[in-house]
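Asks: Any chance you can model this:
(one chain, ligands or ions: 1)
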Amino acid sequence: MTLPPFPDDLAHTAADRAAWLRAAGGLKTAISDDRLSAPTTLPLVEALVLGLMRQGVTKYLAIFGHGSTALADVLKAYEAEGLVRCWQFRNEVEMAHAGTALSWVYGEVGAVVTSIGPGAFQAMAASLAAASNGVGLYHLYGDETTHGEGYNMQQVPKPAQGVFSQITSLMGSAYTLHSPGALRDGLRKGATCVFHPWRPGPFYMNLPLNTQPAPVTLRLDALPDRPVFPALAPADDGPFRTAADAVRTAAKVAIKLGGGSRTASDAVRRLAEAAGALVVSSPGASGVMPADHQQNMCVGGSKGSISGNWTMDEAELLIVIGSRAVCQADCSGIGWPKVRHVININADPIDVQHYNNTIALTGDAAIVAGRLAGMLSGADTEPRKAAWLEAGRAKRAEWDGFLSRQASSPPLFDPVWQKPVLTQPRVIRLAAGFCRRHGALKFFDAGDVQANGFQIVEDQVPFETFTETGASYMGFAVSALLAAGIADKGRYGIAFTGDGSFMMNPQVLIDGVEHGVHGTILLLDNRRMAAISHLQNAQYGRDFRTNDGVPVDYVTLAGAVSGVRALFGGEDEESLMAALEEARAWPGLSLVHVPVYFGDDPAVGLGAYGQWNVGNWVDDVQRQYARTLI
Ligand SMILES: Cc1ncc(C[n+]2csc(CCOP(=O)(O)OP(=O)(O)O)c2C)c(N)n1
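Replies: Numbering: from 1, shown residues only. Modelled structure (predicted):
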């Protein structure tokens, strides 16, 4: 193809260059055809867009302001040529959650764009969800000028240099494009953060207002590409042999699954069977071990299960896979009172050493767990393992029976609703079954909804449930639905949310319609922030300021947004299932409002089981921690 040379001087516009790139078959093709090896001069912010494109980042989620108009103008030109796409949002928290979900659920790394100051702060607050769950994406923030000619409106008002750089660097990895020539360094550091092999996270690129349009001269084929990290494992069999010996001679082996085990489900199952181990999950590891596997003891931790927490109490040898020992999943460090030795499988060389008496198997969870399983298979099994597995089966049956009973409670009279309404466990169980039958994704928002959710869901494979337990950020689930409208192949999903969480981000009603989302918000309305009421009651015997007296008609509220199908889920199973069917049949965004019970009846929830270093429990927990070996 005969193409003119790349329009490489400042007399040409972003539109000229975008048109050229389209004609050349896109950036990657132009580079592989060796059309971009000469140094070229263009505005820094445009070079940034090209640098991100080189890494496969072409989706932008934006709320523009005076801190990002230069970027907006470049995106407009590039979008017109089909090289990037940009979606507008109404709240930066909601937008950042949608960006996190785009990467987490669909594996598409995008860029969240804000202005300087308040917009950036809001997006950064929400990026806690990405940081806590190990999800990579770019955050591009407008920032104060590098010349300091006076205070910039909306900057942090302090006579200091690079304050936002300091703030974002505390949350994760950050870079300020202080001078145009720094772009390659910034993008190289960005790539190793967002595509990090075991702990990706949000990367904050701070864009000073004055450097954004400044010219930069560079070779476009020298912009850092997406890095490829080879999977790692211990170099020799020594540590595997030590681990295998420990497993063979132990009677009561437990495997603890963290989020890092999600890509290793096959190896996890083989290891559990070869090791004669009972398996306990963190909330985010649902489905890694199939729900119906008889060695699956379900979730364990401060909000655990009968079987999961029994296993934690009794186990003597612990195999941890991909877990960073978060308080809720580990009972604040006292969850394994009888364990004397730990085999830890984790790619992170620091996390792998979390417990005392550790045999560290540092590396990729699937490879390492698979190799250990291979070493164990066919070995003579310690005869007491059979009794351990048998006892586990009995505990699991106990939990299954309890769950079924709790989740089939009849509607209970509720003093606020002044009528019998469904319980939250029952609604979640019914809706989770609905999702399973229809292959729908499940998203869980914070609160009782989330805890009941991870105690109830029964997934056979991972990545069917997204429960943001890292930060437990209210509003994440409803915002995450938006990613379906942005992803190349969005999937239908249901966001299980409480009235408290939904009202953190009701903008999703508008943005969900605008971005063509097919999804359902299932609003479980107990007219309060029940998780905190329950915690206060459990600790102090009374609740405080966790509800209000303002009834909200959510069906009318949602129905006021054109394009949203708003339905009442009713007070019985038949009405709920009919509403869910109708919602799913609606090709856009829908909301199903279900009043749920809050009160003293034990059917309100599923119990707690484990311990936690919070509130007035801290003395007790810390006394136990002082006696803990690992
Ligand atoms: C943004 C944010 N603010 C506060 C909290 C603390 N918090 C955790 S759960 C919860 C209440 C959730 O209420 P709701 O969404 O109505 O669900 P419910 O517990 O009633 O099922 C609160 C306030 C949080 N996790 N996230």
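Asks: contacts and neighbour counts: CA atoms only from here.
Replies: OK.
Asks: And the strands in the stretch 401-550 of the chain, which stretches?
Replies: In the stretch 401-550 of the chain, the segments counted as strands under DSSP state E, counting those that start in this stretch are 412-414, 419-421, 441-444, 465-467, 493-498, 519-525.
Asks: how about TSV for the ones you listed, with mean pLDDT, distance to Ala214 and mean neighbour count added?
Replies: As requested, those are arranged in TSV below (pLDDT from 0 to 100; distance: least, CA to CA, whole Å; neighbours: other CA atoms under 10 Å):
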stretch	mean pLDDT	distance to Ala214	mean neighbour count
strand 412-414	98	63	19
strand 419-421	98	62	17
strand 441-444	98	43	25
strand 465-467	97	41	26
strand 493-498	98	43	28
strand 519-525	98	42	27
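Asks: Of all these, which one comes closest to Arg17?
Replies: With respect to Arg17, and counting by CA to CA, the nearest of those is strand 519-525 at 37.7 Å.
Asks: got the contact list for that closest one?
Replies: The set of residues that contact strand 519-525 without belonging to it, under CA atoms under 8 Å, 6 or more residues apart in numbering, is 424, 449, 478, 481, 484, 492-499, 502, 583-584, 588-596.
Asks: can you pull the buried residues of the longest helix anywhere in the chain?
Replies: If you go by DSSP state H, the chain has its longest helix at helix 384-406. Neighbour counts using 16 or more other CA atoms under 10 Å place 385, 388-389, 391-393, 395-397, 399-400, 403, 406 of helix 384-406 among the buried residues.
Asks: between those residues, which is nearest Ala19?
Replies: Nearest to Ala19 out of the buried residues of helix 384-406 is Leu403 (CA to CA; 59.6 Å).
Asks: quick one, what contacts Tyr151?
Replies: For Tyr151, the contacting residues are Pro157, by CA under 8 Å, 6+ apart.
Asks: Report the closest residue of the stretch 101-250 of the chain relative to the ligand.
Replies: Ala126 (8.5 Å; CA to the nearest ligand atom).
Asks: wait, isn't that residue in contact with Ala98?
Replies: No. Taking contacts as CA atoms under 8 Å, Ala126 lies outside contact range of Ala98: 9.9 Å.
Asks: Look at the two and report which has more neighbours.
Replies: A side-by-side neighbour count of Ala126 and Ala98, using other CA atoms under 10 Å, places Ala98 first with 29 against 24.
Asks: That one falls within a helix, correct?
Replies: Yes. Counting by DSSP: H, G, I helix; E, B strand; the rest coil, one finds Ala98 located in a helix.
Asks: Next up, the contacts around it.
Replies: For Ala98, the contacting residues are 479-483, by CA under 8 Å, 6+ apart.
Asks: nearest spatial neighbour of it, skipping sequence neighbours?
Replies: Setting aside the residues directly before and after it, Ala98 is nearest to Ala480 in space (CA to CA, 6 or more residues apart in numbering), at 4.7 Å.
Asks: Count residues in the vicinity of that neighbour, would you?
Replies: The burial count for Ala480: 29, using other CA under 10 Å.
Asks: Would you map the helices across the stretch 351-500 of the chain?
Replies: Listed from the start of the chain, the stretch 351-500 of the chain has helices (DSSP state H, counting those that start in this stretch) covering 365-376, 384-406, 424-438, 448-456, 476-480, 483-486, 499-502.
Asks: would JSON lines of those with mean pLDDT be doable?
Replies: Supplementary listing: those in JSON lines, determined by pLDDT from 0 to 100:
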{"stretch": "helix 365-376", "mean pLDDT": "97"}
{"stretch": "helix 384-406", "mean pLDDT": "97"}
{"stretch": "helix 424-438", "mean pLDDT": "98"}
{"stretch": "helix 448-456", "mean pLDDT": "96"}
{"stretch": "helix 476-480", "mean pLDDT": "98"}
{"stretch": "helix 483-486", "mean pLDDT": "98"}
{"stretch": "helix 499-502", "mean pLDDT": "98"}
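Asks: any chance of those helices in CSV, plus distance to Thr40?
Replies: Conversion of these to CSV gives the following (distance: least, CA to CA, whole Å):
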stretch, distance to Thr40
helix 365-376, 43
helix 384-406, 64
helix 424-438, 52
helix 448-456, 51
helix 476-480, 39
helix 483-486, 32
helix 499-502, 48
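Asks: Looking at these, spot the one closest to Val288.
Replies: Between Val288 and the helices of the stretch 351-500 of the chain, the tightest spacing by CA to CA is seen for helix 365-376, at 11.5 Å.
Asks: give the contact list for the closest residue to Ala530 other than its chain neighbours.
Replies: Across the structure, with CA to CA, 6+ apart as the measure, the residue nearest Ala530 apart from its sequence neighbours is Asp448 (6.4 Å). Shown here is Asp448, whose contacts under the criterion CA under 8 Å, 6+ apart are 530-531, 605.
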